[in-house]
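Engineer: structure here, sequence nowhere to be found:
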């Protein structure tokens, strides 16, 4: 297992997923809120998702972080870099947990993740994939400067909107 770097922003801490995160993931994947990202799922499905998140770090050397509030430590979501088999290209992705939306957390954490991808990992570009019905997620992509390019068809998720992020030089 690679060492997962931690990131911090003004309000948030991003750390690698661990077994202690299972309950938060179980609650998220049991909710309708997870509908845009393959849920709802049973507790077993949430467990498998946690294993996938950890495994992605081991297989790709990057992945999604658990996001917590620096003041108080509440877990607010999962944000990071995602590129499993079958994905069109590397993605900056975000999932916020119930009651954590509308605070700018997804934008703040995704910007930190993208900065890591462009800096430490040397990515030349990145996308975010957004369900066409997920207007809130599309607004996050747009706040990050990403531009809608069209749709791709995915074997599990169907038609997904592709938002292209600005190149690294434009993000400095």
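Structural biologist: Thanks, I have it. A quick note: this is a predicted structure, and the numbers were derived from the prediction, not measured.

Engineer: per-residue confidence for residue 156?
Structural biologist: pLDDT, the model's per-residue confidence, is 87 for residue 156.

Engineer: check residue 3 too.
Structural biologist: 89.

Engineer: burial count for it?
Structural biologist: Neighbour count of residue 3, defined by other CB atoms under 10 Å: 7. Every C-beta, even on glycine, is put in place using the N, C-alpha and C of the backbone.

Engineer: residue 25 reaches residue 51, doesn't it?
Structural biologist: No - Residue 25 is beyond contact range of residue 51, at 10.4 Å (criterion: CB atoms under 8 Å).

Engineer: out of these two, which sits in the busier spot?
Structural biologist: A count of neighbours by other CB under 10 Å puts residue 25 above the other of residue 25 and residue 51, at 24 against 13.

Engineer: can you pull the contacts of residue 49?
Structural biologist: Contacts for residue 49 (CB atoms under 8 Å, 6 or more residues apart in numbering) come out as 25, 29, 38, 41.

Engineer: surely it forms part of a helix?
Structural biologist: Yes - Residue 49 forms part of a helix when assessed by DSSP: H, G, I helix; E, B strand; the rest coil.

Engineer: alright, calling it a day.
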